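*Asks:* generate coordinates for the sequence data below:
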Amino acid sequence: MRPDILNPLFAEISALKGIGAALARPLERLGLARAVDVAFHLPVAWVDRLIVDELDMSQSGRIVGTVLTPVDYKAGGGMRAPFRVHATDSRGNYVSLIYFGKNSGWPRKMLPLGEPKFVSGKLELYGQELQMVHPDHVLPLEEAGTLPEREPVYRLSEGLSNNRMRDFVGQALDRAPDLSEWIEPSLLAQRAWPGWRVALSDVHRAPDAAKARERLAYDEIFAGQLALMLVRASSRRRRGVPIHGDGHLRDALMLPFAPTGAQRRSIGEIEGDMAQATPMLRLLQGDVGSGKTLVALMALLNAVEAGKQGAMLAPTEILARQHFATLQKMLIGLPVTIAILTGREKGRARESTLMGLADGSIDILVGTHAIFQEAVQYKALALAVIDEQHRFGVAQRMMLAAKAERTPHLLVMTATPIPRTLTLTYYGEMDVSRLDEMPPGRQPIETRVLSAERVDEVIEALGRHIAAGGQAYWVCPLVEESELSDQTAAEVRAETLRMRFGDAVALVHGRMKGPEKDAVMDGFSRNLTKVLVATTVIEVGVDVPNATLMIIEGADRFGLAQLHQLRGRVGRGDKASICLLLRGNALSETSRARLALMRETNDGFRIAEEDLRLRGAGELLGTRQSGEAQLRLATPEHLADLIDSARDDARLLIERDGGLDSARGQAARACLYLFERDAAVGLLRSG
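*Replies:* Residues are numbered from 1 along each chain as shown. Now for the predicted structure:
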């Protein structure tokens, strides 16, 4: 249960004065649902206000504060014409205060003629006339001293002003309690960090509060590391089933080529873990095409050889069915029963699968979230393999673990290479195996960057590619046309290409129903269609060796990791492959850097490190993990600088300082709740 001292900070947003239903909506669009969210909503910029007695043209472009006396009103002639308040400063210099909108009552009320007011806003020069458009502050003279010369600027949503946001932040900060210190004293002294509450206040009051910003980032990273260590300790206390397969199935597996050294090393590490009574917790990292599926199959067969069952979980139905088809092909001739279970399996087929799992006649189950459902019971589940781990959260992993009498061994895989700092941040409770070699025969993919204006040339080249017997992907960012975006939609692109290539063009996207998607994918994999126009639904799991051309439209709109994943759909056979990245003309520096790196390298681990630098942790890992907090205060730079110290500090707390039962541990418990890593406290209690 959350400590009572934190309850005011975790109150609903409506507890802040001035927030009703109308203002709650724009705040919720920013992800601000509670006071703590507002307190952690850090400034993105700062306003430096110049306080002056006299206005001057040289101040144009600055935020200026001064005493002004309104002398005249001038209403515009049309509905959209501005309402002007002519005013003078203390030396008689004129300035126009300009308000847009139909209602002139508000500026008349705020700025009565002849009454001096303290006015602040951006001073601009229009011709030879000084003006302020919608001043940000109009105050009585006695309140002028309350306006600071420097103010934070926050990320906003429509319907929300910066002044309102500053007020709400101030209220949220007033709710922040004084908390006991959880950082190890010598580290605190070495870094010269302020206390937690002072740090939170300072980052909203000064742009140069680097120590305060660093302290808050550290707290967030420390909470994550401590939580992962508690999860790991809890898992290590659980009893699993030692697995010792005799190798008869794995030896009978007919492989087209010998495993790489990295695959053999990873298989050995996994077999060693599975032989222990302590349940395995291992992350298998591998670049696109590095052979993770073979490693997973070896682990599953190890369990089956020992008379147990294995389950493989995929985040999407397309990926689950791709895995099912791949494993079926690899298991031809072996006495292994494999089944699939997704939300689409109904009626007798579903019942048959459920019975086979319960009586043990099904050895390996492949599926989506459906394999979590209460009705799904296993006779002897000993290994769970989770693919594309970043799509799932700890809570879902625990649900799968609950499906066995004893905690099953857990192997999680990701085809998104993860930088070391993020591996420690999100998977610190796991041992890591890394596939850093490519299987023989994989060809490097040639990547070219072209202007979108050359799309007609690309279509001509696509025609030559098809005529030569090849297949191609054409990826678009959107499903359908949008007035809000100039990105070419998949549906429109598919129609354009069909006008040229007819039924050789197929379309697949996430809004299509399962059977429809499967039919399209099956037609493409059997070479019945030549061009697959798609959204990022094909990012993972699609394996068509004959497809050797990837065209990504609007490539400058994608992140590096996503571009690398999409590019990995080609180059899966022994033929040379090409990836064409079509870019817009108005490239940002970040987009330019991304595309240059894609052209330069096929190394997913190098790309991941650069993607982290350019985009940040949350975006790199993709969608929010279910039940897992994302980093809100720590930047990639903070992660790189502080992760080792945070891990060491968390380990000291657990191993030397008495864990959560000590005085520092009680403070650290509050830190876990503050950063919503409290699930780890529950795990510790449940043992």
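*Asks:* so Glu495 versus Arg464, what's the distance?
*Replies:* According to CB to CB, to the nearest Å, Glu495 and Arg464 sit 21 Å apart. Yep, even glycine has a C-beta here, placed from its N, CA and C like the rest.
*Asks:* again with Arg215
*Replies:* For Arg215, the distance to Arg464 - CB to CB - is 60 Å.
*Asks:* can you check Val288 too?
*Replies:* 26 Å.
*Asks:* between those two, which is the more surrounded one?
*Replies:* Regarding Val288 and Arg464, a neighbour count based on other CB atoms under 10 Å identifies Val288 as having more, with 23 against 9.
*Asks:* that one against Leu566, yeah?
*Replies:* No - contact criterion CB atoms under 8 Å: Val288 and Leu566 do not qualify, at 9.3 Å.
*Asks:* mind listing what's buried along the longest helix along the chain?
*Replies:* Counting residues, the longest helix in the chain under DSSP state H turns out to be helix 210-237. Neighbour-count burial for helix 210-237 flags 212-235 (criterion: 16 or more other CB atoms under 10 Å).
*Asks:* what's the answer for stretch 269-281, then?
*Replies:* So, applying 16+ other CB under 10 Å, buried residues of stretch 269-281: 269-271, 273-274, 279-281.
*Asks:* least confident pick among the residues you listed?
*Replies:* For the buried residues of stretch 269-281, the minimum pLDDT belongs to Leu281; the value there is 85.
*Asks:* what lines up beside the helix or strand that Ala384 is a member of in the sheet?
*Replies:* Element membership of Ala384 [criterion: DSSP states H and E] is strand 381-386. Strand 381-386 has its sheet partners listed here by DSSP bridges as strand 309-313 (parallel), strand 409-414 (parallel).
*Asks:* now for the helix or strand following the shortest one, which elements pack on it?
*Replies:* This points to strand 309-313. Going down the chain from strand 309-313, the next helix or strand is helix 317-330, by DSSP H and E. Applying 3 or more CB pairs under 8 Å, 6 or more residues apart in numbering; DSSP states H and E, one finds that helix 317-330 makes contact with helix 292-305, strand 338-341, strand 364-367, helix 514-525.
*Asks:* could you pull out the helices for the stretch 101-250 of the chain?
*Replies:* Using DSSP state H, counting those that start in this stretch, the helices of the stretch 101-250 of the chain run over 105-110, 162-174, 185-191, 196-203, 210-237, 248-252.
*Asks:* quick check: which of those is nearest to Val44?
*Replies:* helix 162-174 (10.5 Å; CB to CB).
*Asks:* and the closest one, what does it pack against?
*Replies:* Using 3+ CB pairs under 8 Å, 6+ apart, helix 162-174 sits against helix 35-39, strand 150-153.
*Asks:* can I get the CA coordinates of that helix in PDB?
*Replies:* Output in PDB follows, covering the C-alpha atoms of helix 162-174 (Å, rounded to 0.1, in the frame of the first residue of the first chain):
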ATOM      1  CA  ASN A 162       1.300  28.600 -19.900                       C
ATOM      2  CA  ASN A 163       0.100  30.800 -17.100                       C
ATOM      3  CA  ARG A 164      -2.500  28.200 -16.100                       C
ATOM      4  CA  MET A 165       0.100  25.400 -16.300                       C
ATOM      5  CA  ARG A 166       2.500  27.300 -14.100                       C
ATOM      6  CA  ASP A 167      -0.200  27.800 -11.500                       C
ATOM      7  CA  PHE A 168      -1.100  24.000 -11.500                       C
ATOM      8  CA  VAL A 169       2.600  23.100 -11.200                       C
ATOM      9  CA  GLY A 170       2.900  25.400  -8.200                       C
ATOM     10  CA  GLN A 171      -0.100  23.700  -6.600                       C
ATOM     11  CA  ALA A 172       1.300  20.200  -7.300                       C
ATOM     12  CA  LEU A 173       4.700  21.200  -5.800                       C
ATOM     13  CA  ASP A 174       3.000  22.400  -2.700                       C
END
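*Asks:* that helix: which residues count as buried?
*Replies:* Quick answer for helix 162-174 (16+ other CB under 10 Å): 162, 164-166, 168-169, 171-173.
*Asks:* roughly how far is stretch 510-519 from the heart of the chain?
*Replies:* In terms of CA atoms, centre = their mean, to the nearest Å, the gap separating the centre of stretch 510-519 from the centre of its chain is 25 Å.
*Asks:* stretch 233-248 now?
*Replies:* 32 Å.
*Asks:* give me the mean pLDDT for that stretch.
*Replies:* 85.
*Asks:* that one: end-to-end distance?
*Replies:* 34 Å (CA to CA, to the nearest Å).
*Asks:* OK, contacts around Ile459?
*Replies:* 497, 500 (CB atoms under 8 Å, 6 or more residues apart in numbering).
*Asks:* one step back: can you list the strands paired with strand 381-386 in a markdown table and add distance to Asn93 and mean neighbour count?
*Replies:* What follows is those, written out as a markdown table (distance: least, CB to CB, whole Å; neighbours: other CB atoms under 10 Å):
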| stretch | distance to Asn93 | mean neighbour count |
| --- | --- | --- |
| strand 309-313 | 71 | 27 |
| strand 409-414 | 64 | 24 |
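*Asks:* I am finished for the moment; much appreciated.
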